[in-house]
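> Return atomic coordinates for the entry below.
(4 chains)
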Number of protein chains: 2
Amino acid sequence: MTDEAAPTTGRGSSPGGGPGWAGRRADARRNHERIVRAAFEVFAEKGLEATVPEVAERAGVGKATVYRSYPTKADLVAAVALHQLEWLQERLAAALAEDDAGPALREALADMLERLAGDCAIAEALGAGSPVDAALQTFVDLLGRVVAAARDQGAIRADVTVTEVRVLFGGCSVQLTKYGERDPAVWRHYGELVFNALRPA
Amino acid sequence: MTDEAAPTTGRGSSPGGGPGWAGRRADARRNHERIVRAAFEVFAEKGLEATVPEVAERAGVGKATVYRSYPTKADLVAAVALHQLEWLQERLAAALAEDDAGPALREALADMLERLAGDCAIAEALGAGSPVDAALQTFVDLLGRVVAAARDQGAIRADVTVTEVRVLFGGCSVQLTKYGERDPAVWRHYGELVFNALRPA
DNA sequence: AGACAAATGGACCTACGGGTCCGTTTTTGC
DNA sequence: GCAAAAACGGACCCGTAGGTCCATTTGTCT
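Predicted structure coming up:
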């Protein structure tokens, strides 16, 4: 049953792009759309503790329909997180292309946190042992390169590690979510704080 | 005798030296000790997701015995968190007594994180909506005073808020726990990073 | 030692969430 | 319009964890 449709490792969750979705029935594709959107909303509002039935109800479909597209809850989370991760990676790639690595990192951090405002799912999934470990690796690699560039230019301390940035960045996400902070401007501000933490003495 | 001291349905979920413990049987008090210690260990190792049966087993007692002292799991968590919170508050009080507010804050942050190394329970409970809200208020008040002092002396930026410190501090705790970092020295280092984030431009 | 209350712990109940099954409905190709 | 295939979704199973009950044990007091 269900051949390549089930993204066991969180694969072709992007609608319209996956070739595996070619032969699918129209209503199936439509429902799939709604499920992803519902999952994003629900996880954003209530965190990863939100239940699959909850997502199903929000999407207006049955539990089984959700499980057909995503065999396990982790797959569903991964799909949502992956969507955001892609955006973050693009943002980091853009930062990497800039000349002044310091401001590039600073703005990237602010932009990324602003983007994550109110999105528990990715925030919690950014930690270790998440269901998107593979994709996370790419993200971390990119982040590492941006950090290295800033370090080489002396914009941040010479002993700053990617892990440090990750911890501070992820920590802010989780905490802001916990506090129910929804204002993107505030999230953005924390991006600057994180950058400040890295500045040379 | 000993009938005057709340014979049945003990109820009191907040032990810890209260007068209500006077007439208790010796073994009861001893078990209670073990339960608290076990809860601390288990929560520290596995986070708040650890189960009550797990704590009971570690303590070498039955589930019901745990529930007799702490009617609900939240009470148990609160007891453990409270213990750590007291230490943190004392540390902040000490910082408040120092002259140089900047270094005082910096060292306090480092000491506190060092103390929290590997202790998921308090880390997770430090967020909003925790079962120790009341005690947390005191903690936040104290932290606020230390921050204010540092701010007044120009050791940190003039627009730093307690919330910012709390978010960064709590964020580090949660993330470091998630990553399984156990080295107190590393935790300590993050305390310095947090302080750095607050420095004036 | 003996008796009584305090304390214990294993059996038990219940709620809930992840995940599956299968009869029914909807698309689609002819 | 019709049949086959695809998709649906409500009913169902199961494991787990919070919380309760009561027969039995154990400490304490005389």
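> which residue of chain A sits farthest from its center?
For chain A, the largest distance from the centre (CA atoms, centre = their mean) belongs to A:Ala201, which lies 31.6 Å off.
> now it, nearest residue through space, not along the chain?
Nearest residue to A:Ala201, sequence neighbours excluded (CB to CB, 6 or more residues apart in numbering or on different chains): A:Arg157, at 7.3 Å. For the C-beta atoms, the positions are set from N, CA and C on the backbone; glycine is no exception.
> tell me the phi and psi of that neighbour?
Dihedral pair for A:Arg157: phi -60, psi 150, per degrees, to the nearest 10.
> sec struct for A:Gly154, please.
coil (DSSP: H, G, I helix; E, B strand; the rest coil).
> What sits closest to it if chain neighbours are left out?
A:Pro200 (6.9 Å).
> wait, isn't the one you found in contact with A:Val160?
No: judged on CB atoms under 8 Å, A:Pro200 makes no contact with A:Val160 at a distance of 9.4 Å.
> what about the longest helix in chain A?
helix A:73-97 (DSSP state H).
> then stretch A:99-106 to CSV, C-alphas only?
Presented in CSV, the C-alpha positions along stretch A:99-106 are these (Å, rounded to 0.1, in the frame of the first residue of the first chain):
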residue,chain,number,x,y,z
ASP,A,99,30.6,40.6,2.0
ASP,A,100,30.4,41.8,5.6
ALA,A,101,30.0,38.5,7.4
GLY,A,102,29.3,40.2,10.7
PRO,A,103,26.2,42.2,9.7
ALA,A,104,25.3,39.3,7.5
LEU,A,105,25.1,36.9,10.4
ARG,A,106,23.4,39.5,12.6
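> Show the subsequent helix or strand relative to the host helix or strand of A:Ala28.
Assessed by DSSP states H and E, A:Ala28 sits inside helix A:26-46. Using DSSP H and E, the next helix or strand after helix A:26-46 towards the C-terminus is helix A:52-59.
> hmm, back to that, roughly how far does the residue nearest to A:Ala201 sit from A:Thr138?
25 Å (CB to CB, to the nearest Å).
> what's next to the helix or strand of chain A with the lowest mean pLDDT, contact-wise?
Ranked by mean pLDDT, DSSP states H and E, the helix or strand of chain A with the weakest confidence is helix A:120-125, at a mean of 75. Contacts to helix A:120-125, defined as CB atoms under 8 Å, 6 or more residues apart in numbering or on different chains, come from residues A:39-40, A:43-48, A:77-78, A:80-81, A:84-85, A:116, A:130-132, A:170, A:173-174, A:176-177.
> next one: stretch A:156-165
Counting by CB under 8 Å, 6+ apart, A:102, A:105, A:109, A:140, A:143-144, A:147, A:150-151, A:194-195, A:198-201, B:179, B:190, B:193 sit against stretch A:156-165.
> ok, back up a step: quick check: the gap between the residue nearest to A:Ala201 and A:Val165.
Distance of A:Arg157 to A:Val165, given as CB to CB: 11 Å.
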